[in-house]
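K.L.:
Sequence first, then the predicted structure, then my questions.
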Amino acid sequence: MKNLGIWHGGDYSPEQWLDEPEILKKDLEYMKKAGINTVTMGMFAWSFLEPEEGVFDLSWLKERVDILYKNGISTIMGTPSGARPKWMADRYQEVLRVDDTGRRQRFGGRHNHCCTSPVYREKIKTVNEKLAEQFASHPGVRMWHISNEYGGECHCPLCQDAFRKWLEKRYGTIERLNRSWCTAFWSHGYQSFDQVESPSSIGETMVHGLNLDWKRFVTDQTMDFARWEAASLREAGAKQPVTTNFMYDYQGLNYRKLSQAVDVISWDTYPLWHKEKEILTARDNGMQHDFMRSLKKKPFLLMESCPSSTNWQGVSKLKKPGLLRLASWQAVAHGSDSVLYFQIRQSPGSWEKFHGAVIDHYGKTDTRVFEEVSLIGKELAFLGELAGTGVRPQAALIYDVENRWAMEDAQGPRNKGLYYHETCVKIYSAIKKMGFNVDVITMEDSLEDYRLVAAPMLYLYRSKIEEKMERFVRSGGQLVTTYWSGIVDESDRCFSGGVPHGLREVMGLRSTEIDGLYDWERNYMVPASGEKGERYECRNLCDLVRLDGAEALMVYENDFYKGYPALTRNHYGKGMAYYVCADGEQDFYDDLFWKVACEAGIKPLVEGLIPEEVEVTSRESDQYEYLFLQNFSRQPAVLEQKLLDSLSDGRRLLGEISGKGEIEPYGTVIIRRDLHRS
Ligand code: GLA
Ligand code: ZN
């Protein structure tokens, strides 16, 4: 297969126009014009692939793949499990999902099949085999895309049964399950596994261990289904890599686990631009890119993004000129080997008829969107050498979905907003502002490759994270952790003997109590020395700690805990452990991480101060470092002389820095530095 550099293109559903060959012809012409080299097909085409049970027709798809390939466009081949044909729903009820109250769905919509159903598995296996037989060695098919945005859950009898077996495997005996879930509370104990039912809004929702294990089961069952799909392709001879598309900050599944079922990570990004400072949206989006890259520590694919406005968000905002290009390059900067859109051509009817597309209902190419897409196509083609390059991180942030499941379900110090996501974004932003690349990892990952690790609000400890953190600090790492950490074990059962569990010595303290603040309440952190200095606002949660070796750097200004530690530091082994007691404002984290990074002597990607609206990111090959400077503002960004000087030994590949040292509004500059220069 020839290397196409960065993939450019997107979802394409020719089945909607099979009776309009003129349209299909135009599509091809326009794709070439826009520099499109990759499309995803087949994903929602089951009723075209298998119009009647056991009757298959792949000829139309084969024809499209052939024609596209002859014209330099490759295909990512979708499997159709995301939506099923009517005949199947009518004939086999069990393929339809059952909700948590026991009600079975009717035919319609998508993403609503039962992952356990043997019939559904058999049906998808058969059609996947047909696809694989047809396309396994087709040079025009470069990857398999199984299903679409796996998600949701099914509570049917088959799934209940599978859940019970899953529990039995996990706990061995019912006594162990009862103990782990603490079912003695309210007399909720079970005598045998077959009594257990999935959480239900008209039944049990208050046993946190049950809720947590159900979510884990849903991930495992989805993963099992994904593996089934991948295996059905492989067994029929498919050699190409397999992916499936993940979603933004999706909490229904543990993506870290699911990532093991695929070869390549891909995801769909639809940020709400133009609602606040663009850079804030960029940070949030950048963190997701970094999370996706960190799942396999390899380049990922930007599988879907919208070339214009979506139609499913509260307000369908157009992207201002230049934003699509900026966001596309941001994906590449963070490690994507593609810029793909949903969708190539806008459907004429039904649910997504007003969703943005490269080709809209007008049907020609003299549109603002088409022109911007074409420009991106040209630029990506020019910079194909970026494909496959890696990202070397200077720091890691632990962002863990299982922790989030438990913490947000827990009935604790604040049930109206713990702000886990926001806190992680604040910390991520603080680190990015210094010009670092950040890996966004989970508790399942190793900390060994890092010198600076942030582990905010790790309420639940699993995967031996406390041991990993201890080792990390002992051997010289800088660890920043926070309030509400190390409270429960992996079944959400509280640790006894003081928290943060297993890290009291590392942190040099014990957390004794935690105060939930009303929304309107504020406290402040002030220097512990009593001298005048920075003063930071904190809100939501204030942890009260008793020091046992650590030194207080800041203390609370108000309330009965005035003068209690608010930020502490402890030398442990060769490293340093910081404990943040309260939900501090952005400036607090900016200053803290600046200090921590300086102490650790970690070198940022550029020297000098980075303007607030500019994101700096890099990728690396064996020979080169590619530095990306992106201005997420509608005003020019002015670079200070020191920063300009630190860029002077590189070669500019894209974008301009003006004589006055400015990057244009929404501008992207890419600079290539030789890693082996003397
Ligand atoms: C998701 C789906 C696509 C499409 C887009 C619309 O990402 O994967 O099929 O529905 O949303 O934004
Ligand atoms: Zn089911």
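P.N.:
Noted; the coordinates are in hand. Numbering: from 1, shown residues only. Ligands and ions are numbered 1, 2, ... in the order given.
K.L.:
Tell me the residues of the stretch 351-500 of the chain that contact ligand 1?
P.N.:
Contacts of the stretch 351-500 of the chain with ligand 1, taken as C-beta under 6 Å from any ligand atom, map to 352, 355. Placement of C-beta: from N, CA and C, glycine included.
K.L.:
Okay, helices next: where are they in the stretch 351-500 of the chain?
P.N.:
368-382, 401-409, 420-433, 465-474 (DSSP state H, counting those that start in this stretch).
K.L.:
Quick one: distance of the shortest one to the chain centre.
P.N.:
Its chain's C-alpha centre lies 16 Å from the corresponding centre of helix 401-409 when counted by C-alpha atoms, centre = their mean, to the nearest Å.
K.L.:
Quick check: phi and psi at Gly9.
P.N.:
When read as degrees, to the nearest 10, the backbone of Gly9 gives phi 160, psi -130.
K.L.:
and Leu324, what does it touch?
P.N.:
Neighbouring residues of Leu324 by C-beta atoms under 8 Å, 6 or more residues apart in numbering: 305, 307-308, 369, 372-373, 376.
K.L.:
what helix or strand is it on?
P.N.:
For Leu324, the host element (DSSP states H and E) is helix 323-333.
K.L.:
any idea of the angle that helix forms with helix 368-382?
P.N.:
30 degrees (axes from the mean of the first three to the mean of the last three C-alpha atoms, to 10 degrees).
K.L.:
Show me the shaky parts of the stretch 301-450 of the chain.
P.N.:
Counting by pLDDT under 70, the stretch 301-450 of the chain contains no low-confidence segment.
K.L.:
which helix is the longest one in this structure?
P.N.:
helix 208-235 (DSSP state H).
K.L.:
now that one: mean pLDDT?
P.N.:
Averaging pLDDT along helix 208-235 gives 98.
K.L.:
burial of Asp57, as a residue count?
P.N.:
13 (other C-beta atoms under 10 Å).
K.L.:
hang on, the earlier thing: what separates the helix holding Leu324 from the chain centre, distance-wise?
P.N.:
Relative to its parent chain, helix 323-333 has a centroid offset of 16 Å by C-alpha atoms, centre = their mean.
K.L.:
hang on, the earlier thing: if any of the contacts of Leu324 are buried, put those into a PyMOL selection.
P.N.:
In PyMOL, a selection of the buried entries from the contacts of Leu324 looks like this (16 or more other C-beta atoms under 10 Å):
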select buried, resi 305+307+308+369+372+373+376
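K.L.:
Which two among the contacts of Leu324 are spaced furthest apart?
P.N.:
The largest separation in the contacts of Leu324, counting by C-beta to C-beta, is between Ser308 and Ile376 at 13.2 Å.
K.L.:
show me where the stretch 451-600 of the chain has strands.
P.N.:
Ranges of strands within the stretch 451-600 of the chain are 452-455, 478-482, 509-516, 523-527, 536-547, 551-556, 565-572, 575-580, 582-584, based on DSSP state E, counting those that start in this stretch.
K.L.:
closest one to Ala230 among these?
P.N.:
Ranking the strands of the stretch 451-600 of the chain by proximity to Ala230 (C-beta to C-beta) places strand 452-455 first, at 32.7 Å.
K.L.:
Report the mean per-residue pLDDT for the closest one.
P.N.:
On average, the pLDDT along strand 452-455 is 98.
K.L.:
again with stretch 99-110
P.N.:
97.
K.L.:
Off-centre distance for that stretch?
P.N.:
Taking mean C-alpha positions (C-alpha atoms, centre = their mean), stretch 99-110 and its chain are 27 Å apart.
K.L.:
hmm, who's touching stretch 519-529?
P.N.:
Residues from elsewhere that reach stretch 519-529 (C-beta under 8 Å, 6+ apart): 416-417, 517, 533-539, 542, 551-559, 565-567, 582, 584, 588.
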